[in-house]
Structures are given as C-alpha cells and as structure tokens.
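Student: okay, predicted coordinates and the sequence, questions at the end:
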Amino acid sequence: MIEYLTQETFKTKVFNFEQNKEWKFEGELPCIIDFYADWCGPCKMVAPILEELATEYNGKLNIYKVDTEDQRELSAMFGIQSIPSLLFVPKEGQPQMAQGALPKDSFKKAFKEVLNVE
C-alpha cells in the first residue's frame, strides 16, 4: 500500500529533521519516496508502476508519496527542482535520489542495489 506523507508523518517514518542534523533513518523497512504533483504527466506514468511494486514488495519495503504542491517545505528541504523525483532510502547508509519517470526494471534494479531488497 502506498502512503502519502506530510511533514509530520515524514518525521516519524523517514527522518526527524527537527531533532537530527545528521541523517538517521526512522523507518522499519527501506523505502522509496516519490515526490510528485497531480498535474505532472511523467508522475502519472510512474504511479501505476509504484502501485504494482507496492504489491510485489509488500512487507519488504515501504512506498511513500509526497505531493510537492501541498508539501512545499518538505520538497524544498530535498531541493526538489523537477518531478518526479524519487528518493531511495536504505535501512543503513545514505539515501539516493533519482529523477524522471523510471521504467519498472529500473525500480527493481535500484531496490536490489540501493535498498538491498529482492
């Protein structure tokens, strides 16, 4: 299931930027965060792929979405300039950002290489 994050839920599920200066992942499972907007064509192309992956990888990783129109401050913190922007967040180590509408194979490759999830 895909969950939509606000600034408040982001702090409990991904990173509490008010308490920590250094990156510290708060989640139980690795995750991907899709920074998107409703009017964005490529974002609409990615949405059904993420829905499929949410089912396929259920229990192995979390898929979150952040509406850049609604959550401007959160988007600004990550320097989101173009959408879709996808943040791959492993359980250990630094998150990695990818931009643009990725095909399903690219998501699976990143899940394996960045998130250590198969």
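Tutor: In hand now; what should we look at?
Student: C-alpha from now on. contacts and neighbour counts both.
Tutor: Fine.
Student: near residue 112, how many other residues are there?
Tutor: 12 (other Cα atoms under 10 Å).
Student: that one reaches residue 90, doesn't it?
Tutor: No - look at residue 112 against residue 90 with Cα atoms under 8 Å: they stay out of range, at 10.2 Å.
Student: the longest helix in the chain is where?
Tutor: Secondary structure of the chain per DSSP state H: the longest helix is helix 41-56.
Student: return the alpha-carbon coordinates of stretch 24-36 using PDB.
Tutor: What follows is stretch 24-36, C-alpha atoms only, in PDB (Å, rounded to 0.1, in the frame of the first residue of the first chain):
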ATOM      1  CA  LYS A  24      19.100   9.000  10.700                       C
ATOM      2  CA  PHE A  25      16.500   6.800   9.200                       C
ATOM      3  CA  GLU A  26      13.500   6.300  11.400                       C
ATOM      4  CA  GLY A  27      11.700   3.600   9.500                       C
ATOM      5  CA  GLU A  28      11.400  -0.200  10.000                       C
ATOM      6  CA  LEU A  29      11.700  -1.100   6.300                       C
ATOM      7  CA  PRO A  30      13.800   0.500   3.500                       C
ATOM      8  CA  CYS A  31      11.600   2.900   1.500                       C
ATOM      9  CA  ILE A  32      11.200   4.900  -1.700                       C
ATOM     10  CA  ILE A  33       9.700   8.400  -1.700                       C
ATOM     11  CA  ASP A  34       8.000   9.700  -4.800                       C
ATOM     12  CA  PHE A  35       8.000  13.500  -4.900                       C
ATOM     13  CA  TYR A  36       5.200  14.200  -7.400                       C
END
